[in-house]
Every structure is written in structure tokens, then in C-alpha cells.
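K.L.:
Just a sequence and a predicted model for now, questions to come.
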Amino acid sequence: MDAARLAKDTPKSLKTRARILDCAMRLFAEIGYHAATNPVIADAAGLTRGAMLYHFPTREALVEAGVAHVQAARSALFRAAADSIPAGADVTEHAIDSYWDLLHSEPFLAFAELEAAGRTDPAIQALLAPAQAEFDRAQAGDHFLKILHAGAGPRFQASRDLARFMLEGLARTTLTYDGEGRRERLLMLIKRATHMLNRKGDIQDLWPD
């Protein structure tokens, strides 16, 4: 390992890098990827331009580290949600409520902003792809399975996908009227549809009145 790498791996340097990445994640979530330039992030972290360049000499270096930082934060929140099912709770409703809350947390908002930027930027998309695949496997496997207590097979996978992608779409949608009421009704339907696919409800339960 060269001297420059060793210098950047000191406790002080690692702490500074973590502060930069925390600020980047927060600013991606709050003001968006394009507005959160390297100088803006440096200022938020209380660093000079030179200090910022020492840790992240290019935008690409910052984004690469930022994706890993945001992904680690998302995974930690997801695992915590999977481990926090209250005794006696309806596990499907808890899972959906938990994921809905996660989608509005800073790491998830930051990742969604990076995904939006990656739609037209192949370099960002390439950096995101491994994190997206890792999270998709976690959603389809142990973590989301633990949250939903669903079974294996295409139908149960479909129940997880239905809940996941409807929640993600709803979180990114702008409702221009009766937003609270429409969101509550849609969340109710997502829960009922997931119950039905998990054989815990009947088609008549989807909209009983």
C-alpha cells in the first residue's frame, strides 16, 4: 500500500471522508444530485476546496464512494426494519408501513435521486447497478421475506414485488389533490392485495363495500 493511501486511511482522514459522504447523502436527498456539486458538499462539510480534492479529486470518485455509502445506509435501515416486528403485529401491514417510512428516509431519498440522475447518465447507472442488484436480492430474499413472513415461489415473490413497486411508485408520485386521502386508500389496497396473494384474504376483501 502506498504512502498516499496510508495517509488517507488514518482515523482522522476516514472520519473526514465519512463526514463528506454524510453531507453528500443529505444534500442529494434535500436539493438533488445536480445541485449538490462537490463545492456545495465541501462547504456543507466545513472543508476547503483543497481538502475536498484531497479526499475526492473528481466528481466520479465522490459519486462512486457516495453510492456505496448510501447503499450501506439503506441496507442497515432495511435490516433494522426486518428485525423490529412487534409481538402480535400483523407482519404484512408492519412490513408495508415500515417500507413506506423507509422510502421517505434520507438514504432512500438520496438513492432515488441518484437513480433519477442515472436514467440519462450511463456512468452513474453503471455505479448504481451493483447496489440495485444487491438490494433487489435482499428484497426478494431474507430481509423482505422476514418482514412479510411470506412463502417461496412465484406467487409469494409477486406479493413482495407488488408491495415493493407500488410503494416505490407511490412515494415518487405527486398527487395534486386529496393527497392524504388517496395515499391512505392506496396503502390500504396494497396491504389487502398482499394479504390475498399470501392466501390470508379473499378477493372480496380488496374493496368490501
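P.N.:
Arrived safely. Residues are numbered from 1 along each chain as shown.

K.L.:
Check what pLDDT residue 75 gets.
P.N.:
At residue 75, the pLDDT value in this model is 88.

K.L.:
neighbours around it, how many?
P.N.:
16 (other CB atoms under 10 Å). Where C-beta positions appear, they are placed from N, C-alpha and C, glycine not excepted.

K.L.:
what's in contact with the one helix or strand it maps to?
P.N.:
Using DSSP states H and E, residue 75 maps to helix 59-82. Applying CB atoms under 8 Å, 6 or more residues apart in numbering, the contact partners of helix 59-82 are 17-18, 20-22, 24-25, 28, 37-38, 41, 56, 95, 98-99, 102, 105-108, 110-111, 114, 123-124, 127-128, 131, 134-135, 138, 142-144, 146-147.

K.L.:
And the helices in this protein, which stretches?
P.N.:
Using DSSP state H, the helices of the chain run over 3-8, 11-31, 38-44, 49-55, 59-82, 91-102, 106-118, 122-140, 142-148, 154-172, 179-197.

K.L.:
between the last one and helix 91-102, how big is the angle?
P.N.:
Regarding helix 179-197 and helix 91-102, their directions subtend 140 degrees when assessed with axes from the mean of the first three to the mean of the last three CA atoms, to 10 degrees.

K.L.:
ok, the residue lying closest to residue 172 once chain neighbours are set aside - contacts?
P.N.:
Using CB to CB, 6 or more residues apart in numbering and skipping the chain neighbours, the partner closest in space to residue 172 is residue 112 (6.5 Å). Counting by CB under 8 Å, 6+ apart, residue 112 touches 103, 171-172.

K.L.:
Output the residues you listed as CSV; include the columns pLDDT.
P.N.:
Shown next, in CSV, are the contacts of residue 112 (pLDDT from 0 to 100):
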residue, pLDDT
103, 95
171, 95
172, 93
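
K.L.:
and which of those residues is nearest residue 153?
P.N.:
residue 103 (26.1 Å; CB to CB).

K.L.:
tally of neighbours for the closest residue to that closest one other than its chain neighbours?
P.N.:
Computed as CB to CB, 6+ apart, the closest residue to residue 103 that is not its neighbour in sequence is residue 171, at 4.1 Å. Using other CB under 10 Å, residue 171 has 16 neighbouring residues.
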